[in-house]
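*Asks:* Kindly return the folded structure for what I paste below:
(one chain, ligands or ions: 1)
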Amino acid sequence: MYKPFVKHLENELFNRFDLQNRAIPPGLELKVSDRGRNPATIQSWCYECPELRKIRYTYIDAGESAQILNSVIYPSYHYDLPLLGVDFLSFGKVKNLVVLDFQPLFQDEAYQCKYIEPLKSLHAEYPDLAQNLEMKFYDANQYFSKYLLFAKTDAETVATRLFAAFKDYLNLYWQMLDEAEPLQDPEDIARIVKAQKDYDQYSADRDPASGLFSSYFGHEWAERFLYEFLFEDAVPLAATAKK
Ligand code: BLA
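*Replies:* Next comes the predicted model:
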């Protein structure tokens, strides 16, 4: 279902950047589960290049039961750019939930103006994918922009409209990165390091997928996947409590 999106993302990345593999901890790169109705495979890829310090994407293929593409692109700490976030989920043929956003590191006016306003006209082209759905797990005002695409939709819309939107959002993201001025002041850079780490902690603590990972691959594997790969700068809640 989302394989053409992966292909497009890969083509873009390999054509535009000088990618190096970024290590994925042993055992987390690929896992197969026979627990569900259909065998489930989860596979992840991770790269880096001078402009982008972590590019990760994960595909869960459980046949008819689930098709999921999840991806986050973290810019180098020298850029204060938003992260690019992708979460496309299909369960059965009936439930398709898609989220695509430039995830802001800060919510102040100047930041919004610089990095989020440019999304406005693109967002306006996809009213069918911008449904103003309520968030149950996350706070819409933290690490999400007001121009996110967030929709419950159908397979046809995914293949046509979402694919077009995905290409457009990616293009704008590359353009922003191209135009971004690297930060020089160590204090400014330290602020980005902190904001990206906070994003990992926030995301790991609220990740709505941890139950899904546990049910397919077991609790222990799910925890490692979350804290050692997806959001590696986050500290598990239990560890924080012990301190
Ligand atoms: C929701 N994302 C979800 C849900 C799941 C995942 C299972 C709940 C779906 C439901 O309501 O039934 C799945 N999350 C994943 C997977 C991974 C993950 C498979 O991290 C990792 C492999 N989520 C993101 C990113 C964005 C994001 C990068 O990981 C940003 C675009 C958004 N996911 C997002 C939002 C929701 C969601 C906004 C709705 C959550 C809510 O209602 O609060």
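*Asks:* Render the CA-only coordinates of stretch 82-89 in CSV, please.
*Replies:* The C-alpha trace of stretch 82-89 is given here as CSV (Å, rounded to 0.1, in the frame of the first residue of the first chain):
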residue,chain,number,x,y,z
PRO,A,82,11.3,21.3,11.7
LEU,A,83,11.6,17.5,11.5
LEU,A,84,9.7,15.8,8.7
GLY,A,85,7.2,13.4,10.1
VAL,A,86,5.4,10.7,8.3
ASP,A,87,2.9,8.2,9.7
PHE,A,88,0.7,6.3,7.2
LEU,A,89,-1.3,3.5,8.6
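*Asks:* buried sites along that stretch?
*Replies:* In terms of neighbour count (16 or more other CB atoms under 10 Å), stretch 82-89 has its buried residues at 82, 83, 84, 85, 86, 87, 88, 89. C-beta: built from backbone N, CA, C; applies to glycine.
*Asks:* With stretch 195-210 instead?
*Replies:* Buried residues in stretch 195-210, counted by 16+ other CB under 10 Å: 195, 196, 199, 200, 202, 203, 204, 205, 207, 209, 210.
*Asks:* SS state for the closest residue to the first one other than its chain neighbours?
*Replies:* The spatial neighbour of residue 195 that comes closest, neighbours along the chain excluded (CB to CB, 6 or more residues apart in numbering), is residue 105 at 4.0 Å. For residue 105, the secondary structure call by DSSP: H, G, I helix; E, B strand; the rest coil comes out as coil.
*Asks:* follow-up on the earlier one: closest one of the buried residues of stretch 195-210 to residue 159?
*Replies:* Proximity of these to residue 159 (CB to CB) peaks at residue 209, which lies at 23.3 Å.
*Asks:* Hmm, that closest one is touching residue 58, no?
*Replies:* No - in this structure, residue 209 is not within contact of residue 58 by CB atoms under 8 Å, at 9.4 Å.
*Asks:* chain center to the longest helix along the chain: distance?
*Replies:* Determined from DSSP state H, the single longest helix within the chain is helix 186-206. How far helix 186-206 lies from its chain's middle: 15 Å, per CA atoms, centre = their mean, to the nearest Å.
*Asks:* And the helix or strand where residue 163 lies, what's buried?
*Replies:* Using DSSP states H and E, residue 163 falls within helix 163-179. Going by neighbour count (16+ other CB under 10 Å), the buried part of helix 163-179 is 165, 166, 168, 169, 170, 172, 173, 174, 176, 177.
*Asks:* Now do the contacts for the second one.
*Replies:* Taking CB atoms under 8 Å, 6 or more residues apart in numbering, we find residue 166 in contact with 5, 8, 86, 100.
*Asks:* Which one (most neighbours) among these?
*Replies:* With neighbours taken as other CB atoms under 10 Å, the top of the contacts of residue 166 is residue 100, carrying 25 neighbours.
*Asks:* what secondary structure does that one sit in?
*Replies:* strand.
*Asks:* quick one, what contacts it?
*Replies:* Applying CB under 8 Å, 6+ apart to residue 100 gives the contacts 85, 86, 87, 88, 129, 148, 149, 150, 162, 165, 166, 169.
*Asks:* same deal with residue 38?
*Replies:* Neighbour list for residue 38: 62, 63, 64, 65 [criterion: CB under 8 Å, 6+ apart].
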